[in-house]
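Engineer: structure, please.
(chains A, B and C)
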Amino acid sequence: MENTRIRPIRGFLFYFKIYWMIALQDIKSKMSYRSDFLISTIGMIAVNVSGFLGFWLVFQTFHEINGWKFNEILFLYACLLLTMTPNQIFFDNNWSLRYYVYSGDFVKYCFRPINLFFYFISEVIDVKGFGQFFFGLFLLIYSWIQLQIPVTVGNVVTLLVGLLSGSLVVIALMVAASATCFWLMNSGFIMVYIFKFTDYAKYPLSIFNKFFQVLFTVLIPIGFIAYYPSLYFLRPNDFEWLTLLCPVVGAIMVLIAYKIWMYGASKYSGTGS
Amino acid sequence: MNSTKRELPFRRYLAFSRASFLETLTFRASLLLSLGGSLIYTAVVCFLWKSIFNSAGTEIVNGMTYPMTLAYVAIAGAVTSSMTIYLVWDIGRDIQSGTIALWFVKPLDYFTMNLFNSVSVIVFSFFINVVPVFILVEILVGWQIPFGINILWFVLSVFLGVIINFCLDFMVGTICLHTQSIWGINIMKEVVVSVLSGVTVPLAFFPDALRQVMMFLPFQAIFNTPLTLMITPNPSTELLIRSFSIQIFWIIVLVIAAKSFFKVSSRVITINGG
Amino acid sequence: MEPVIQINNICKTFKVLNRKTGIKGAVQNLFSRDYKEIKAVDDISLTINEGEMVGYLGPNGAGKSTTIKVMTGILEPTSGNILVNGRVPYKNRSVNAQDIGVVFGQRSQLWWALPVIESFRILKEVYAIPDDVYKKNMQMFSDLVNVENLYNKPVREMSLGQRTLCDILSSFLHNPGIVFLDEPTIGLDVSMKSKIRYLISELNKEKGTTIILTTHDMGDVDALAKRIIIIDQGKMIYDDNIAHLKTFFGAYRTIKITLPNEQFDGADEEKKAKFIADITSQIIAKNEKARNIHVSLDESELSILVPEAEVPLIEVLSTSQEILPVKDVQIAEISTESIIRKIYEGNESKSKLLSSEVKEKAE
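Structural biologist: Numbering: from 1, shown residues only, chains lettered A, B, ... in the order given. Modelled structure (predicted):
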């Protein structure tokens, strides 16, 4: 028996196939709880609308913030919503991580011959994130038209790359924040705080002083979520060199966050609780 | 049996308060980090509103100066985070898992038990969150926020606001008897409260017509009332009486509403068996 | 026979904070650096051969789950050597996982929202199970237990027993060499328990899978395990077959006395306990040597455990007949449950303190 056992090579296609199988089944089962799905989607859009109201109200009284016009802030906000979407849809199980760790149930994820992070994350797909996606897309198209940004292949591709890098930054921040529960009891508030900070990505970094500009570029790099990528469109003549770095920053951050998470997971089982 | 009658009516509920207070203390590192988060949040708010006021070109907008606005928004943020105790989730889980039935057989009132539980946690985290933020705000604006009797009015009014917020939470939690979607219900409540209470943007910056409507809703009594009392240097007796009577009015209405809604809803449990 | 698990002198220590109680203590805990070390597993060595079915026993907090975690590769031992299927498990968790199956009695590892059959299909991909192996196993499962009607039910809508059944099946799906079952029958009713025991024993027979079974239910041990390992306070205190266990503490036999039915109709626990205490003291009063007997009561059957090295069985029996309204008498060999309890009790008296400390951390 020992000799006949198979040693599969687990590459990208392998994981993609498994994810697809789980996702399909999961969405099917979620759709069967229709009222829950509906209420959650409405709640999600309500959050997005309230974020919009936040600066719309400000612009009712003031006409610009530090040289930034309403439509420009709207563009930033739309980018933020879109970059938040992948994290919302595919990485939502991170919000439950601390409950699994606290109760000891996390151990049940440790016995499969596949990547632990993948196995944990693949368990939940959050369909209400699609509501956020469409609201963000609507705002993006609206502000794009209002700002009269030319529709060229180059611009569209740049936007997609920018959004993708921003998404990676959001995912990395939230993955790292959720991983803190491996060390700290009751660490939910760290996720809540990081989540709150990502909300400030809708304001241009230039309104802050040097200290916070550095903080939001290096330590809690929310500047890379929407601000730096958007500069390419909003300040085409003098965008910062950091804008060009966005994809690299996104990729590196995701890698680091993943390492932290995996290290925490191995440390967790090490404490044995 | 006679001895229990002489006991203070709220004594056994205080035991709950003590227990949850202790529980919070044991989460050690969390406290320090949470404080750091609050302070960074305050600084962010500070720059945001400084930029906004700089762009306006005038000192006073809609009756608010920059120091007043900053104090209002930053303290609102700190009070909000001390009030975030996931009560809707707790009640929702109690209901959906059926453990709520266990509370019915105990000689305790579910509403009162939760109230004491929540208030003690909030009082504790109020001092952890709000005091440092207040000091930071004072430093940022050069001690322009008056520090006197207005603080007393503020604390008193926050306390009433906590009870109003608790009633809303309790009612929203009770809704979970009728739907599976705790997340959706809770998030809608949070959005409504944060927009209509002035946490997102101070009430002073709302369009007039909208503000008139909001003054008739309970939400502004949670945050706007205490915060207004805090930033007003010499509140007139009339303002004080009006503020507190509106808050007390809402407490009476909402306690009755929350309790009766729970009573009506809990019939669903006793009929369906949980 | 090939050894599939080999453990030599494994130790595992944990660091825990010395927590103080009360409000003042809670404040002190905020800044405390006062740690103490606790040995959850203390110098354990054992060898398990292919196809064996081993009962792994011990009181709560004895270090059972820590050992299991070491064997499954999610925990690295502080010292000592371990080989599972010829590999060091903690060095390659994921490769080791391909060859083992793990079931927790109350923590389903199946996808909560999905129908069981979908979970199985996903596992087929996860473990890269060839079509023919998958088909053969599914066929065997339905021959053993009638489960097809469950396959389309989501796990969250299942009863605990149905869930456990499916979890056990899923752990055998990829033909693992070793399966770890952690309290598989906990919380189940009698008929479900026997169904699950039947399933486990058949799977062990047909597939030759090595099975490590942790349990508190001696029914599981009697029905399944030929060899048992007992650990307590991190130390191994017994490792041999069950037959040998019965002579471990010298000769014991049990006198089972059936009392008239109406004797305890509607009697509460307190009254029963008082009755037991009363009978015990009466017997000891008449036979001084009988001070180590153990009396227990189940429905209307009274059991008296007699250490025959100390007091002749016949003397206790005659005393009992004098003082009790006897309807029927039976003499039985000691039950596994009684032996295990005696082993736990004997060990506990050595150091009560340590065991409560280990319990905090290791479970």
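Engineer: go ahead and flag the most central residue of chain C.
Structural biologist: residue C:215 (1.6 Å; C-alpha atoms, centre = their mean).
Engineer: look up how far chain B lies from that residue.
Structural biologist: 27 Å (C-beta to the nearest C-beta, to the nearest Å). C-beta: built from backbone N, CA, C; applies to glycine.
Engineer: look up the closest residue to that residue, ignoring the ones flanking it.
Structural biologist: Spatial nearest neighbour of residue C:215, chain neighbours left out: residue C:183 (5.5 Å); criterion: C-beta to C-beta, 6 or more residues apart in numbering or on different chains.
Engineer: re the thing from before, hang on, the residue nearest to the centre of chain C packs against residue C:222?
Structural biologist: No - using C-beta atoms under 8 Å, residue C:215 makes no contact with residue C:222, being 10.7 Å away.
Engineer: so residue C:216 sits in a helix?
Structural biologist: No - using DSSP: H, G, I helix; E, B strand; the rest coil, the secondary structure at residue C:216 is coil, not a helix.
Engineer: phi, psi for the residue lying closest to it once chain neighbours are set aside please.
Structural biologist: Distance criterion C-beta to C-beta, 6+ apart; nearest residue to residue C:216, sequence neighbours excluded, is residue C:183 at 6.7 Å. Main-chain dihedrals, residue C:183, degrees, to the nearest 10: phi 50, psi 60.
Engineer: low pLDDT regions in the stretch 101-250 of chain A?
Structural biologist: Along the stretch 101-250 of chain A, segments meeting pLDDT under 70 span A:185-186.
Engineer: residues from it in reach of chain B?
Structural biologist: A:128, A:184-187, A:189-190, A:192-193, A:196-197, A:200, A:203, A:207-209, A:212, A:215 (C-beta under 8 Å from any C-beta of the partner chain).
Engineer: at 7 Å what do you get?
Structural biologist: Residues of the stretch 101-250 of chain A found near chain B (C-beta under 7 Å from any C-beta of the partner chain) are A:184-187, A:189-190, A:193, A:196, A:200, A:203, A:207-209, A:212.
Engineer: so the residue in chain C that chain A sits nearest to: helix, strand or coil?
Structural biologist: Proximity of chain C to chain A (C-beta to the nearest C-beta) peaks at residue C:128, 3.4 Å away. Following three-state DSSP, the label given to residue C:128 is coil.
Engineer: skipping its backbone neighbours, what lies nearest the residue of the stretch 101-250 of chain B found nearest chain A in space?
Structural biologist: Using C-beta to the nearest C-beta, the single residue of the stretch 101-250 of chain B nearest to chain A is residue B:184, 3.5 Å away. Using C-beta to C-beta, 6+ apart and skipping the chain neighbours, the partner closest in space to residue B:184 is residue A:39 (3.5 Å).
Engineer: mind pulling the model confidence for the residue nearest to the centre of chain C?
Structural biologist: pLDDT for residue C:215: 87.
Engineer: show me the longest helix that occurs in chain B.
Structural biologist: helix B:237-272 (DSSP state H).
Engineer: quick one: buried residues of that one?
Structural biologist: B:240, B:243-244, B:246-247, B:250-251, B:254-255, B:257-259, B:261-262, B:265-266 (16 or more other C-beta atoms under 10 Å in any protein chain shown).
Engineer: so which of those residues sits lowest on pLDDT?
Structural biologist: Scoring the buried residues of helix B:237-272 by pLDDT puts residue B:266 last, at 79.
Engineer: nothing else from me, thank you.
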